[in-house]
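[1] please find the sequence and the predicted model below.
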Amino acid sequence: MSSQKRLSVRSDVYNPSDDSFLLAKHVPRLSKGSVLDVGTGCGIQAIAAAGKAKSVLAIDISESALECARENAEWNGIKNIKFKRSDLFSQIPKSQQFNLIIFNPPYLPTTKAETTSGILDAAWNGGKDGRKTIGRFLREFPPRLAPGGSLLMLHCDLAGTEKTIKVLLRKGFTVELLEEISVPGEKLSVLHAKLPNNTR
């Protein structure tokens, strides 16, 4: 994302880190038509997409995150982002489809003892194996892609990047590893998945 974009982050909203910036680096090139940013947080991905997309829908389970993202969009003079509270696709009409779906999931393996109170927990708590939310997402997202649409997803090796790639391949997607970096304690990857021959 351009360094010119300004972001303010509330204390109960996920503060962009290496994963956020790595994903945002690839968002503008792939953004077109209608874009869905799942788990928008402070809005970093939605804002990165807005310059190239016709429209962006930013969703989050946290009302505070949505308010934060809305403020950041206004602060940066961006008008083509809409905001909606939703737990993944629960509040998105089944008939609504998108040209690009962006997802930076909660991926940290977390025991019950490590769970924190408050809505911020949902931004990073991936459950016992890091795949609690990732698994739900992979089951639910394919029908939400418009023909020729694609998925841009941040992944961490702690949550089984290869496992997710295998799931996507079984669903008929081609998967491209756009970039991979190592940070202390984990390896982060950006995955781009789409159905061949524009079948979806």
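    That came through, no problem.
[2] low-confidence ranges in the protein?
    Where the chain drops to pLDDT under 70, the residues are 1-4, 111, 113-127, 197-200.
[3] so which residues of it form strands?
    Taking DSSP state E as the test, the strands found in the chain are 34-38, 55-60, 81-85, 98-103, 145-156, 174-183, 186-194.
[4] could you identify which of those strands is most buried?
    Compared across the strands of the chain, strand 34-38 shows the largest average neighbour count, a mean of 27 (mean count of other CB atoms under 10 Å). Backbone N, C-alpha and C define where each C-beta goes, glycine included.
[5] contacting residues around that one?
    Strand 34-38 is contacted from outside by 43, 45-46, 49, 53-59, 88, 92, 97-103, 137, 144, 146, using CB atoms under 8 Å, 6 or more residues apart in numbering.
[6] now do it and strand 81-85, the angle between them.
    Angle between the axes of strand 34-38 and strand 81-85 is 40 degrees (criterion: axes from the mean of the first three to the mean of the last three CA atoms, to 10 degrees).
[7] distance from strand 34-38 to the middle of the chain?
    8 Å (CA atoms, centre = their mean, to the nearest Å).
[8] stretch 34-48 too?
    Mean-position distance between stretch 34-48 and its chain equals 7 Å (CA atoms, centre = their mean).
[9] likewise stretch 84-98?
    Here the centre of stretch 84-98 is set off from its chain's centre by 14 Å, with CA atoms, centre = their mean.
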